[in-house]
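Asker: Sequence and predicted model, in that order:
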Amino acid sequence: MGYQINQDKMNAILTELSKKYKIYGPRRYVGDGTFAHVDTIRYGEVTTLDDIEFKEKSNYSFKEVLLPISETLFYFTENEMKEADAPHSGAIVFLRSCDLHGLKRMDTIYLKNGAVDTYYKRLRDNTKFILMGCEDSFENCFCVSMGTNQSDDYDAYLKIDGQNVLIDSHWDLLDTALAEMPEIQVIPDAVSQNKTVVEIPEAIPQSVIDSPFWEDYANRCIACGRCNFVCPTCTCFTMQDIFYTDNGKAGERRRVWASCHVDGYTDMAGGHAFRDNKGQRMRFKVMHKINDYKKRFGTQMCIGCGRCDDVCPEYISFSNCINKLNTLVKEEN
């Protein structure tokens, strides 16, 4: 149902919702970017609409709300184990259409991929998602090519329109809060074209997988892992057992983000590593994003947000890589 409300009243509703939910959105952190004069936009707690950056794409995705960078799973001693408490409040997340599609990929990995991840599920079950529309495409976005430029899988859609706020609500609690507001038709903004266009190859032969093409990335990639950390569908993690200094027989187990690009990711006991070569790591990631995941679950893993292109210090373009790969496949066929 669509509503129109002024910003002050909407902020009052957010204040009321914050008693039950933590509210997250893309925030601008001044001077917190790569250089002292560069800002960064990443997810953090917000209290009013003014805290949210609506006009620019966030440098980081929403995923750390549901998959914290470091998360304690349980505490242990030599005799017993206690699971970490679940959060005491739910969450509300403001995000764009591509990230809503990224949420579907995360749900598939953690909820529909065999054993259900209970730590993810307990956060996911208590989280509501508010869509932020895109009137224009941002730099390096290729969401149209990936079919992620629009979504109706939201609890609410919100748009700032001058001093007013337009809302399309699919959430009973929000409907109740907006009951006295004028009802109007609200259609989410969505881009219909991007400057960056990507063509995904349908079938990738073994000859292309083994091609020298990947060696270019071996020479350029510096294994910093930035592309993985900003991506909403990179969900790999590692485990760390932390022992307390005051009691070496007690500690906690943490789940911590990991990256398939960084050194050590494929290391095994005895000193063996499956992918020492950085070109092999790039091949692994690309194949997973556009080929392997689709074979298992029916959609490409990549959502076309372009954050990996935005953040790479060596200017490696994931979208260019896909298009070059597509050209190689056509030449092979």
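Answerer: Noted; the coordinates are in hand.
Asker: For this structure, identify the residue most remote from the centre.
Answerer: Distance from the centre of the chain peaks at N79, with 38.0 Å (CA atoms, centre = their mean).
Asker: Helix, strand, or coil at it?
Answerer: Following DSSP: H, G, I helix; E, B strand; the rest coil, the label given to N79 is coil.
Asker: what pLDDT does it get?
Answerer: Predicted confidence (pLDDT) for N79: 92.
Asker: Repeat that for M181.
Answerer: pLDDT, M181: 92.
Asker: That one reaches M1, doesn't it?
Answerer: No - the criterion here is CB atoms under 8 Å, and M181 misses it with M1 at 9.9 Å. Heads up, the C-betas are built off the backbone N, CA and C, glycines and all.
Asker: Now G264. Nearest residue, chain neighbours left out?
Answerer: In space, G264 comes closest to A273 once its chain neighbours are excluded; the distance is 7.8 Å by CB to CB, 6 or more residues apart in numbering.
Asker: residue contacts, the one you found?
Answerer: G264, T266, D267 (CB atoms under 8 Å, 6 or more residues apart in numbering).
Asker: any idea how far N320 is from it?
Answerer: For A273, the distance to N320 equals 27 Å [CB to CB, to the nearest Å].
Asker: Secondary structure element for Y119, which one?
Answerer: Y119 belongs to helix 118-124 when assigned by DSSP states H and E.
Asker: quick one: strands adjacent to the helix or strand following that helix?
Answerer: Next helix or strand after helix 118-124 toward the C-terminus (DSSP H and E): strand 127-132. According to DSSP bridges, strand 127-132 forms sheet pairs with strand 90-96 (parallel), strand 156-161 (parallel).
Asker: Which residue ranges of the stretch 101-250 of the chain form helices?
Answerer: Under the criterion DSSP state H, counting those that start in this stretch, helices of the stretch 101-250 of the chain are mapped to 118-124, 143-146, 172-177, 206-209, 215-220, 226-230.
Asker: By mean pLDDT, show me the worst of these.
Answerer: Note on these: lowest mean pLDDT is at helix 206-209, with a mean of 89.
Asker: Test my guess that W171 contacts L131.
Answerer: No - in this structure W171 lies outside contact range of L131 using CB under 8 Å: 11.6 Å.
Asker: joint contacts of the two?
Answerer: In contact with both W171 and L131: A156, using CB under 8 Å, 6+ apart.
Asker: more crowded one of those two?
Answerer: More crowded of W171 and L131, by other CB atoms under 10 Å: L131, with 26 against 18.
Asker: Bridged to that one, which residues?
Answerer: Beta-bridge pairing of L131 under DSSP bridges involves L95, Y157.
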